[in-house]
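Output the structure for:
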Amino acid sequence: AAPPTPDEYDTLATLRKKEQLESLQKRIAGPFRPTAATDKALHKPTKLRVKEIMLALCQSVAADLRDAGGPLAELRPSVLSTKDGLLAVRIPADEHRRGGSDGALLKAMNRIAVHNQVIREESLTKLASSWGTASDSGDCTLFVLRPPWVRPPGRLPNISSSPRNSARRDSE
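Residues are numbered from 1 along each chain as shown. As a prediction, the model looks like this:
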């Protein structure tokens with residue numbers, strides 16, 4: 001009796017299994033499965049998106065001040081980046097003096113700091129020590145926000161160089 005001849009379908013199936021096995025062996029982390037989380041990762045607040053964040057913040061603060069009505073509606077805020085990486089909402093002093101009291105502006109900006117959509121989405125935090133302060137030249141009022149990539153002062157690791165705190169001990 002002659003040995004059975006391989007069927008063409010069997011050889012194709014064998015080749016496919018062999019290719020799949022070789023493909024699986026080349027994979028490092030398994031098959032690629034895209035998820036919905038990739039969209040969130042692309043919009044995560046980072047230093048690379050600072051100009052986009054500044055533009056969105058300026059537009060949303062201006063809209064919120066317009067919604068507040070009264071003399072605050074005519075204010076034209078701008079957003080600046082400081083050398084420390086902080087974001088400052090700048091309100092020109094001459095406009096704000098024409099508009100009314102400092103208290104009304106401070107109250108409106110406090111409400112904006114809590115309820116503004118851009119501030120919440122980009123995880124910006126109010127810097128209380130520089131909130132509502134006049135600039136050095138006195139030509140504007142600044143409301144400073146800290147982005148998530150800027151470390152707050154005093155939060156750096158405390159590293160002591162004293163021999164008592166050293167990890168290496170000399171054996172005697």
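
ok, which stretches of the chain are strands?
Using DSSP state E, the strands of the chain run over 78-81, 87-92, 125-134, 140-146.

export these to JSON lines and tack on mean pLDDT, distance to I53 and mean neighbour count?
Where you see a C-beta, it was placed from the backbone N, CA and C, and this is true even at glycine. Rendered in JSON lines, the data for these read as follows (pLDDT from 0 to 100; distance: least, C-beta to C-beta, whole Å; neighbours: other C-beta atoms under 10 Å):
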{"stretch": "strand 78-81", "mean pLDDT": "92", "distance to I53": "9", "mean neighbour count": "16"}
{"stretch": "strand 87-92", "mean pLDDT": "92", "distance to I53": "7", "mean neighbour count": "20"}
{"stretch": "strand 125-134", "mean pLDDT": "90", "distance to I53": "13", "mean neighbour count": "14"}
{"stretch": "strand 140-146", "mean pLDDT": "92", "distance to I53": "10", "mean neighbour count": "22"}
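
can you list those strands in TSV and add distance to G69?
Rendered in TSV, the data for those read as follows (distance: least, C-beta to C-beta, whole Å):
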stretch	distance to G69
strand 78-81	21
strand 87-92	16
strand 125-134	20
strand 140-146	19
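
quick one: which of these is nearest I119?
Go through those one by one with C-beta to C-beta and the one that ends up closest to I119 is strand 140-146, at 6.8 Å.

and that closest one, which strands flank it?
Strand pairing for strand 140-146, determined by DSSP bridges: strand 87-92 (antiparallel), strand 125-134 (antiparallel).
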